[in-house]
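Peer 1: Provided below for reference: sequence and predicted model.
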Amino acid sequence: AIFAWTSVSTAPTRRLRTTTTTHEDDDDTPAETPKSQTSSHACTAVWRAVAVLTLVLAIFACYTLAPKIRAGGAQRTVSRAELARHDGKDGRPIWLSVGGEVFDVSDGAKHYGPGGGYSFFAATDGTRAYITGEFEKEINDNIDDFTDEQCLGVVDWAKFYHETYKFVGVLAGGAFFDNSGTPTARRVSLLSRADSAKAAQALAKEQEKQFPACSSRWTQQDGGTVWCDAGEYPRRIDKPSAPGGVVAERCACFSDVGVNDQRRLYDGCAPHSSKCSTSKPKTNV
């Protein structure tokens, strides 16, 4: 991400603590009530309570956590005018939109409310600025020139808001949903390209497991250097990328000295060398 900020948890973590109490034998304990029977009754009562609690939580989830299910798959649409009114002023709730999804961030008022460090995101869809970091000029929903990796960044931000704040609905008539709340071609493309970027990242991790990264160092005096452990040799290889994405190189260590179009030598480096120069020293002009 181009910018980062620390969010404060909006909900306290509740921890259930189980306390075990041991009762000493005393003269008041009825002789005809075995301890095992008492324990069995207690366990039965506990399991009944757990069953009831589970049922209550399930009902609660159906009515509060899954509005789309209750609405037969439909979801609430929010107009731009309605979003604009939720700016946190005069005690009003604070809403924002990213990727066309609207969230109630009132619990983060110190960040998004009037005077907050990120108040410019309130009451609008500032999808582009989440990725570019241009908070003055690019608070808008134009992502037509985004790379797949940037699209994944948008989806990751939306995921953060889903996990941290309350989802309200979708922004109708914007770049990502039409007036009826149906995803636009741009929304479909956003999700598809984010998936491509995620798949490329997974491939890159697998590639790095198979071909470990070189050690590297850069100093003004010596320039750039890459090296591998004894018996391994540095080669330039391409990182996996999404279709149409920018192809980037990395240094990987190989146990043989083979060279081909996929395993390239560094300029001026001998095939049997375990250490190569990647850039010249920087000299003062």
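Peer 2: Arrived safely.
Peer 1: per-residue pLDDT, Lys282?
Peer 2: As predicted, Lys282 sits at a pLDDT of 75.
Peer 1: beta partners of Cys251?
Peer 2: Taking DSSP bridges as the rule, Cys251 bridges to Arg236.
Peer 1: quick check, it in contact with Ala213.
Peer 2: Yes - counting by Cβ atoms under 8 Å, Cys251 does reach Ala213; the two are 6.5 Å apart. To be clear about C-beta, it is placed using only N, CA and C from the backbone, and glycine gets the same treatment.
Peer 1: neighbour count: the two, which is higher?
Peer 2: Relative neighbour count places Cys251 above the other of Cys251 and Ala213, with 20 against 14, counting by other Cβ atoms under 10 Å.
Peer 1: state the distance from the more buried one to Pro234.
Peer 2: Distance, Cys251 to Pro234, using Cβ to Cβ, to the nearest Å: 5 Å.
Peer 1: what do those two both touch?
Peer 2: The contact sets of Cys251 and Pro234 overlap at 214, 226 (Cβ atoms under 8 Å, 6 or more residues apart in numbering).
Peer 1: strands of the stretch 101-250 of the chain, start to end?
Peer 2: Taking DSSP state E, counting those that start in this stretch as the test, the strands found in the stretch 101-250 of the chain are 101-104, 166-171, 215-219, 223-227, 233-238, 249-254.
Peer 1: poorly predicted segments of this structure, please.
Peer 2: Residues of the chain that meet the criterion pLDDT under 70 lie in 1-74, 242-245, 283-285.
Peer 1: give me that answer again for 50
Peer 2: 1-47, 49-73, 285 (pLDDT under 50).
Peer 1: what residue is smack in the middle of it?
Peer 2: Nearest to the geometric centre of the chain sits Asp156, at 3.8 Å (Cα atoms, centre = their mean).
Peer 1: gap between that residue and Gln150?
Peer 2: With distances taken as Cβ to Cβ, Asp156 is found 10 Å from Gln150.
Peer 1: break this structure into its domains for me.
Peer 2: Following automatic domain parsing, one gets these domains for the chain: 77-199, 211-279.
Peer 1: isn't Val102 up against Leu83?
Peer 2: Yes - using Cβ under 8 Å, Val102 is in contact with Leu83, at 6.3 Å.
Peer 1: any common contacting residues for these two?
Peer 2: Common neighbours of Val102 and Leu83 (criterion: Cβ under 8 Å, 6+ apart): 95-96, 171.
Peer 1: which one of Val102 and Leu83 is surrounded by more residues?
Peer 2: Remark: of Val102 and Leu83, Val102 carries more neighbours, 26 against 22, as counted by other Cβ under 10 Å.
Peer 1: which residue, neighbours along the chain excluded, lies closest to that one?
Peer 2: Using Cβ to Cβ, 6 or more residues apart in numbering and skipping residues adjacent in sequence, the residue nearest Val102 is Val168, 4.3 Å away.
Peer 1: kindly report the same for Pro183.
Peer 2: Counting by Cβ to Cβ, 6+ apart, Phe177 is the residue found nearest to Pro183 once chain neighbours are left out, at 5.9 Å.
Peer 1: next: Tyr130.
Peer 2: Nearest to Tyr130 is Trp157, by Cβ to Cβ, 6+ apart, at 5.0 Å.
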